[in-house]
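Enquirer: Kindly return the folded structure for what I paste below:
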Amino acid sequence: MSAKSSILRHASLIAGPALAAAAIAAGTIGVATAATGDRQAPPAVAAAMAQPPAEQPPEGARATVKADPNPAAPGGDVTITGNCGGGKGLKKVIGGYPGHQVLKDVKIVDANPEAFKATAKLTTKAGDGAAPVMVDCDGEAGVTLLVTHAE
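Expert: This next block holds a predicted model:
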């Protein structure tokens, strides 16, 4: 194979995907222009551009939870807050995973399903990394990640 034919073959391998990307970009820009111009976009284009409604998490996993401060240092206090997402109220808070718990002295301050609050202390064994903080809201559960760092 000559050098010229090799170059042409490689150029066509690069040009094909580049042309396809340019065509897609031009179509996308054209759709965006049609939707933002003075004229209204055709119904099919408007439907394609509409955002789907936000889906709820599956039943049983609708509690939301937040840990503060996040990141947290070993030995420091952590406040866990959230919403039970339809659950009956905060029943339990777990930090870490079996054999590597990162929260100790967990106290439920307010089990209110609309705005629960718990406090805990980050163990001194926690190093640098991330650990899950899970809540059980008697029918709904939630999880967040707590970033840990040694000072």
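Enquirer: got any ranges where the protein has weak pLDDT?
Expert: Counting by pLDDT under 70, the chain has low-confidence residues at 1-53, 151.
Enquirer: cutoff 80 now
Expert: For the chain, the stretches flagged by pLDDT under 80 are 1-57, 126-127, 150-151.
Enquirer: Okay, strands next: where are they in it?
Expert: Remark: strands assigned in the chain by DSSP state E are 64-68, 77-83, 92-97, 100-101, 103-110, 116-122, 129-136, 141-148.
Enquirer: closest to Pro58 out of those strands?
Expert: For Pro58, the closest of these is strand 141-148, at 10.5 Å, according to C-beta to C-beta. Placement of C-beta: from N, CA and C, glycine included.
Enquirer: Nearest to Glu55, out of the strands of the chain?
Expert: strand 64-68 (14.9 Å).
Enquirer: Any buried residues in the closest one, and which?
Expert: Thr64, Val65, Ala67 (16 or more other C-beta atoms under 10 Å).
Enquirer: Which strands and helices lie in contact with that strand?
Expert: strand 77-83, strand 129-136, strand 141-148 (3 or more C-beta pairs under 8 Å, 6 or more residues apart in numbering; DSSP states H and E).
Enquirer: so which of the buried residues of strand 64-68 comes closest to Gly86?
Expert: Using C-beta to C-beta, the buried residues of strand 64-68 come closest to Gly86 at Thr64, 11.0 Å.
Enquirer: beta partners for that closest one?
Expert: Asn83 (DSSP bridges).
Enquirer: Ala130 too?
Expert: Beta-bridge partners, per DSSP bridges, of Ala130: Val147.
Enquirer: Looks like it contacts Thr144 (just checking).
Expert: No - contact criterion C-beta atoms under 8 Å: Ala130 and Thr144 do not qualify, at 9.9 Å.
Enquirer: rewinding a little: tabulate the strands of the chain (JSON lines), appending distance to Ala54.
Expert: Output for the strands of the chain, formatted as JSON lines (distance: least, C-beta to C-beta, whole Å):
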{"stretch": "strand 64-68", "distance to Ala54": "14"}
{"stretch": "strand 77-83", "distance to Ala54": "16"}
{"stretch": "strand 92-97", "distance to Ala54": "27"}
{"stretch": "strand 100-101", "distance to Ala54": "34"}
{"stretch": "strand 103-110", "distance to Ala54": "28"}
{"stretch": "strand 116-122", "distance to Ala54": "23"}
{"stretch": "strand 129-136", "distance to Ala54": "21"}
{"stretch": "strand 141-148", "distance to Ala54": "17"}
